[in-house]
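**Student:** everything below, folded, please.
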Amino acid sequence: MDSKPKRRYQKVAKEKSDGATYTPQLLADFVATQIINAGIVPDNDILNIFDPAIGDGQLLDSLLERIPQKANQTIHVYGYDTNLEAINNATATLSRKHPNAVLHLQHEDFLSHVLECYETSSQTSLFGQNSLLKYDIIIANPPYVRTQILGADRAKILAREFGLEGRIDLYYAFIIGMAKVLKPKGVAGIIVSNRFMTTKSGGSARKAILDGFNLMKVWDFGDTKLFEAAVLPAVLLAHGSNGAVHYEPVFTSIYQCTEKPEVQAANPIEALTTDGIVGLDDGRAFKVQHGTLDSGPMHDSVWRIATTTNDAWLDTVKAHTWKMFGDVGKIRVGVKTTADKVFIRSDWEAATGGHIPELLRPLITHHVARSFRALPPKKDTKILYPHEVVNGNRRCIDITRHPNSEKYLLEHKTALEGRKYVIEAGRKWYEIWVPQDPAAWNYPKLVFRDISEKPTFWVDDSGGVVNGDCYWLVVEGKNTDLVWLAAAVANSTFIESFYDYSFNNKLYAGRRRFITQYVEKFPLPAHDTPLSTEIIALAKRIHEEIDTADATGLVKQLNAMVWQAFGLVEEVTG
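**Tutor:** Sure thing, here's the model as predicted:
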């Protein structure tokens with residue numbers, strides 16, 4: 001294996017050794033305790049435990065502190081890390097605190113063993129058939145870094161050999177590797193980023209976990225800030241895949257909320273022993289839920305917490321759902337020029353000496369985001385958009401028919417031709433890389449931003465082009481009433497609850513991610529009922545009166561109507 005991928009991975013390990021993702025003791029103690037509480041630590045003469053990414057050794061230390069001392073049992077501790085200083089520090093700490101443990105800590109890369117196995121079919125690698133060592137206990141906090149750092153070739157090997165798809169993360173490979181080296185009746189406690197549970201790109205990781213382990217419990221620690229780094233962690237507790245009947249995994253989640261606490265706890269770990277709204281000593285409040293894992297109909301389906309209350313709520317919504325957003329139109333991300341400084345400006349008149357290009361269109365960005373109707377833009381930003389649709393086919397406009405546009409683009413030809421990928425794709429040098437559908441801009445469309453605490457969807461009828469920092473939806477058949485119905489649902493307090501029950505992919509400060517895979521599953525009530533007719537009319541009125549004193553009351557009225565449309569009574573929180 002060449003040194004370049006290893007050096008890149010060592011850079012990640014160094015970042016980890018600097019404290020970015022080292023495991024805090026509170027969480028390490030929790031994982032170790034859960035492993036021991038699983039009650040399956042064997043009585044064999046030799047107990048093999050393993051951490052594939054040792055870091056400072058905190059996880060192994062917490063585990064060794066809790067393993068019951070048994071006569072005539074020798075504990076062998078195995079581990080890898082690519083950072084030599086980390087290995088030396090962990091060895092010193094563990095030797096001092098646990099002198100009876102036999103240490104096998106190596107300055108090696110667990111992932112390199114995986115790659116070596118599949119690149120060379122080596123029989124002496126970690127997974128070699130003749131030297132395969134399996135472990136009774138695995139405790140791990142693998143790095144959360146996408147495999148681009150390994151180089152495209154290694155990433156492709158990883159994806160091909162492990163059946164991974166999309167934007168795979170380094171820890172996906174660690175999970176699969178750990179499944180291979182865990183004894184059938186062994187137990188693993190693994191800390192992961194929680195994003196894999198609810199994103200499309202995490203599908204291969206979800207499948208790998210369900211295929212490779214007998215999953216027992218899942219804890220989603222959400223925005224508890226257990227890590228100093230911006231990591232939203234989850235913990236998995238699993239047996240080896242021993243052919244036994246699989247458990248119905250228990251699922252616990254904890255997320256910050258604004259409701260008044262019912263009980264107090266010292267920290268997020270202690271809060272897990274309760275159910276409901278818990279206040280912490282630092283003043284924060286969290287909602288703790290206990291249920292089971294709903295992993296969906298397919299092995300790569302999104303994971304969610306299932307409780308009797310949540311499931312009954314979603315069943316009611318389903319019974320009142322006519323279609324989903326994705327059924328009435330395609331959700332797209334906005335345009336990507338890959339040369340914004342050329343195509344996008346707010347000073348067109350000055351930049352062209354008054355010879356303003358003919359192909360300018362208004363540009364819609366997240367800076368004007370507001371529910372129902374966009375904010376007035378602070379700058380008159382426009383995009384030079386050289387695309388059109390003729391006879392149903394998208395094509396690049398002949399700029400010789402638009403002299404001002406041609407003159408401006410020619411002035412920037414060198415920069416635009418520098419986008420070699422555009423030329424290599426058989427495109428004209430002055431094209432926008434991702435122009436989307438030129439014919440759709442003139443129709444009323446629902447526009448929304450990616451990340452926000454509250455849903456922020458607005459109807460645009462300006463004919464503007466949506467920038468790549470927003471998403472947009474045009475209803476098939478151009479039924480404008482459905483756009484308004486979608487706006488009413490998408491901006492409601494109902495959709496906040498629907499999102500949390502269905503996906504619960506929250507970032508810090510309660511911010512939600514409104515991306516295609518979630519929004520396309522938003523429900524719509526039947527559009528031709530008297531109630532929906534009222535909802536549509538009220539959404540249009542709010543759009544017109546958003547800046548008036550009446551707007552707040554109208555939005556409150558609309559919220560209640562949307563809840564009613566789905567057979568529910570509005571939940572009031574805060």
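**Student:** next, the contact list for the residue nearest to residue 259 when sequence neighbours are not counted, please.
**Tutor:** Distances taken as Cβ to Cβ, 6 or more residues apart in numbering place residue 277 nearest to residue 259, at 4.7 Å, with adjacent residues excluded. Any C-beta I mention is one placed from the backbone N, CA and C, and that applies to glycine too. Residues in contact with residue 277 (Cβ atoms under 8 Å, 6 or more residues apart in numbering) are 257, 259-263, 285-288.
**Student:** how about the residue nearest to residue 29 when sequence neighbours are not counted, phi and psi?
**Tutor:** Distance criterion Cβ to Cβ, 6+ apart; nearest residue to residue 29, sequence neighbours excluded, is residue 62 at 4.9 Å. Residue 62 has phi and psi values of phi -60, psi -40 when expressed as degrees, to the nearest 10.
**Student:** pretty sure residue 62 is touching residue 32, no?
**Tutor:** Yes. Between residue 62 and residue 32 there is a contact under Cβ atoms under 8 Å: 3.9 Å.
**Student:** tell me, what's touching those two both at once?
**Tutor:** Common contacts of residue 62 and residue 32, defined by Cβ under 8 Å, 6+ apart, comprise residue 139.
**Student:** pretty sure residue 379 sits in a helix.
**Tutor:** No. Assessed with DSSP: H, G, I helix; E, B strand; the rest coil, residue 379 is coil; it does not lie in a helix.
**Student:** tell me the domain ranges of the chain?
**Tutor:** According to automatic domain parsing, the chain comprises the domains 3-241, 317-329+477-574, 330-474.
**Student:** and those as CSV, adding mean neighbour count?
**Tutor:** CSV is the format used below for the domains of the chain (neighbours: other Cβ atoms under 10 Å):
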stretch, mean neighbour count
domain 3-241, 19
domain 317-329+477-574, 18
domain 330-474, 17
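**Student:** make CSV from those and add mean pLDDT and distance to residue 301 to it.
**Tutor:** Output for those, formatted as CSV (pLDDT from 0 to 100; distance: least, Cβ to Cβ, whole Å):
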stretch, mean pLDDT, distance to residue 301
domain 3-241, 80, 7
domain 317-329+477-574, 93, 11
domain 330-474, 96, 19
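**Student:** phi, psi for the closest residue to residue 236 other than its chain neighbours please.
**Tutor:** Using Cβ to Cβ, 6+ apart and skipping the chain neighbours, the partner closest in space to residue 236 is residue 190 (4.7 Å). The phi and psi torsions at residue 190 (degrees, to the nearest 10) take the values phi -130, psi 130.
**Student:** again with the one 5 residues further on
**Tutor:** Residue 195 has phi and psi values of phi -70, psi -20 when expressed as degrees, to the nearest 10.
**Student:** and residue 49, by the same measure?
**Tutor:** When read as degrees, to the nearest 10, the backbone of residue 49 gives phi -120, psi 160.
**Student:** who's in contact with it?
**Tutor:** With contact set as Cβ under 8 Å, 6+ apart, residue 49 has these partners: 60, 63-64, 67, 75-78, 135-139.
**Student:** how much space is there between it and residue 236?
**Tutor:** According to Cβ to Cβ, to the nearest Å, residue 49 stands 17 Å off from residue 236.
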